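>>> sequence first, then the predicted structure:
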Amino acid sequence: MADQNGLGWTEMMPATARYACLDAREFPLQALLRLRPELLRKPVVVFDGEPPFEQVCSLNEPALALGIVRGMTKLEMEMFPTAVVLQRSRTEEAAARAALLECAGAFSPRVEDQSSDSYFTCVVDIAGTQTLFGSPDALGESLWKKIKAIGIYASIAISSNFHAARCLARGHSGTGVRVVPRGMECAALAPLPLTVLDLSPEHAETFSMWGITTLGALGNLAETELIARLGQAGKELRLLARGELPHLFTALEASFALEEHMALESPIELLDSLLFIIGVMLDQLIVRAQSRILALASMSLHLGLEEGTSHSRTVRPALPNIDRKLWLKLIHLDLQAHPPQAAILSLTLSAEPGSSSKVQLGLFSPQVPEPMRLDVTLARIRSIVGEGCVGQAVLKDTNRPDGFRIEPFVVPSAIASDRKVGPKRLAMRQLRPPEIVMVNVHDRQPDSFVFREKRYTVECAYGPWSSAGDWWNPTLWSLEQWDLVARGHDASSLCCCLTRDLMQDRWQIEALYD
């Protein structure tokens, strides 16, 4: 067929156009089974709707073999006690859809979503990708394997026409890849049923009355006669059946979010059962991160609990990584230290991506601990002593005694080999909290004191030095600090830092010098 200028629709298409369509059937069911691999070989159905009007909206092959069909009610499903019944989850479908779009976006930035309520369909513009991914057959196989790795089974069709690829993917029996040579779209579409076109009820009834059941029969109808009976819609349907209808490609905005959600069929109270589910979700996040050559920098866990409450935790190791065992151990230790206070109804696992880095040491640099083992060790210590008690002490910008904060340990990216050695300092053991002592004063100087049931006589006293905190702080305090050398009755010596609080007239030992 030719247009007004005498050019056929096939000739008007760009010679380099190439489209790959990905079609995942029974998507509501597949979105649930990807996080429940133990149900893959069992008969499973998905209910949708408000009770008591729930109906089967999606099912797998074992369920079909039992005689279950779409539209069955919960009462009718009681005849199949061996079937597993799941409730439809729009949140899990959204997470699975995002994962599939990420897989498609790894092969081309131009992806168009053509999904319906029960199917996932997207079309990828793969024109010009031969130098990166090879032939269309090789690209299709790579895309199919990547999709299978996230737990979704789909059919892929590659064609030079957008709508032809979409119809071929929908009409493909089973899963796998089908590539149609350029110019052979009409012959490839001919045996497919009309159901791949999403006909309106009126058009479907009309074609049924005419005896038209395949795309080949529809494409062989006379164009003028078809337009006279169905209008311009008839012309478009005929072009669709022949694989000649042009399409204005509308690409999606690229987005990337590592998040998985799972609604539980029954409440969970045991931590081991929860970790089993987290492990499956973690596998999905690691696969998605690896597809972009990324690692996981942090993991946030949000638990939906009974009575409408929630429990959230975040785990952040020293370095981004994709070690599944490490993440499970860190999450396990964190949940042991901060367990949820009620049974768990839903689970959301989200990760922050980060670049995978390696620590390169100098030839003569001291060896540092392995980051993976260090993270687990620190997590175990935190579960014993508390969150804010593990890390490195960093001095605050203040003159206040004992003014510091705890920061998390970090693994440096490099260690300087020409590290300068500073002057030697006297070793000191800080007492926290400071120990209060009774002090005898002579001529306004400490003369003797009792410390830990021993009496000491001061031999040398250096001070006092007045100290205070932040001058901008409205809270006022005044301290006198002494450095003492004292000797006990048993001839033992003691070097310490003695402080007097002038506001409370109280003496206390803050540090011991070795």
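Right, received. Where do you want to start? Please read all numbers here as calculations on a predicted model, not as lab measurements. Numbering: from 1, shown residues only.

>>> show me how far stretch 427-441 is from its chain's centre.
50 Å (Cα atoms, centre = their mean, to the nearest Å).

>>> need the longest strand for the chain.
strand 454-467 (DSSP state E).

>>> which parts of that one are buried?
456, 458, 463-464 (16 or more other Cβ atoms under 10 Å). Yep, even glycine has a C-beta here, placed from its N, CA and C like the rest.

>>> these: which two are farthest apart?
Pairwise distances among those were taken by Cβ to Cβ; the largest, 18.1 Å, belongs to Tyr456 and Pro464.

>>> what's the helix or strand that contains Leu282 in contact with?
Assigned by DSSP states H and E, Leu282 falls within helix 271-290. Here helix 271-290 makes contact (Cβ atoms under 8 Å, 6 or more residues apart in numbering) with 34-37, 99, 102, 149-151, 258, 260, 262, 264, 268, 295-296, 299, 301, 322, 324, 327-328, 331-332, 335-336, 339, 344, 347, 349, 351, 353.

>>> now, those residues that are in strands?
Per DSSP E, the subset of the contacts of helix 271-290 in strands is 258, 260, 262, 264, 268, 295-296, 299, 301, 344, 347, 349, 351, 353.

>>> surely Val485 and Tyr456 touch.
No - applying Cβ atoms under 8 Å, one finds Val485 not in contact with Tyr456, separated by 9.7 Å.

>>> shared neighbours of those two, which are they?
With Cβ under 8 Å, 6+ apart, Val485 and Tyr456 have common neighbours Leu494.

>>> returning to that earlier point: list the helices and strands the longest strand of the chain packs on?
Of the remaining helices and strands, those touching strand 454-467 by 3 or more Cβ pairs under 8 Å, 6 or more residues apart in numbering; DSSP states H and E are strand 445-451, strand 479-488.

>>> which stretches of this protein have low pLDDT?
1-15, 254, 357-372, 399-402, 410-426, 468-477 (pLDDT under 70).

>>> stretch 462-469: how far from the chain's middle?
Distance, centroid of stretch 462-469 to centroid of chain: 53 Å (Cα atoms, centre = their mean).

>>> now do stretch 293-300
Averaging C-alpha positions (Cα atoms, centre = their mean) puts stretch 293-300 7 Å from its chain's average.

>>> in it, what counts as buried?
So, applying 16+ other Cβ under 10 Å, buried residues of stretch 293-300: 294-297, 299-300.

>>> how about a markdown table for the ones in strands among the contacts of helix 271-290, with distance to Ala289 added?
Conversion of the ones in strands among the contacts of helix 271-290 to a markdown table gives the following (distance: Cβ to Cβ, whole Å):
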| residue | distance to Ala289 |
| --- | --- |
| Leu258 | 6 |
| Glu260 | 12 |
| Met262 | 18 |
| Leu264 | 25 |
| Ile268 | 26 |
| Ala295 | 6 |
| Leu296 | 6 |
| Met299 | 11 |
| Leu301 | 17 |
| Ile344 | 25 |
| Leu347 | 19 |
| Leu349 | 13 |
| Ala351 | 7 |
| Pro353 | 6 |
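
>>> PyMOL command for the buried members of the residues you listed?
Buried members of the ones in strands among the contacts of helix 271-290, defined by 16+ other Cβ under 10 Å, are picked up in PyMOL with:
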select buried, resi 258+260+262+268+295+296+299+301+344+347+349+351+353
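
>>> burial count for the nearest residue in space to Lys74 that is not next to it in sequence?
Take Lys74 and drop its neighbours on the chain: the residue closest to it by Cβ to Cβ, 6 or more residues apart in numbering is Glu54, 5.4 Å away. Using other Cβ atoms under 10 Å, Glu54 is surrounded by 19 other residues.

>>> ok, Ser493 next?
10.

>>> tell me which residues are up against stretch 140-153.
Under Cβ under 8 Å, 6+ apart, the answer for stretch 140-153 is 20, 22, 24, 30, 33-35, 37, 96, 99-100, 103-104, 106-107, 120, 124, 133, 154, 156, 158, 175-179, 284, 287-288, 291.

>>> got TSV for the buried residues of strand 454-467, with distance to Leu395 too?
Shown next, in TSV, are the buried residues of strand 454-467 (distance: Cβ to Cβ, whole Å):
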residue	distance to Leu395
Tyr456	30
Val458	29
Gly463	22
Pro464	23
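
>>> closest to Leu512 out of these?
Closest approach between the buried residues of strand 454-467 and Leu512, by Cβ to Cβ: Tyr456, at 11.9 Å.

>>> list the contacts for the closest one?
Applying Cβ under 8 Å, 6+ apart to Tyr456 gives the contacts 448-450, 486-488, 494.

>>> closest one of those to Thr82?
Leu494 (79.7 Å).

>>> now that closest one, what's its secondary structure?
The assignment at Leu494 comes out as strand when based on DSSP: H, G, I helix; E, B strand; the rest coil.

>>> if we can go back for a sec, how about the helix holding Leu282: buried residues?
By 16+ other Cβ under 10 Å, the buried positions in helix 271-290 come out as 271, 274, 277-278, 280-289.
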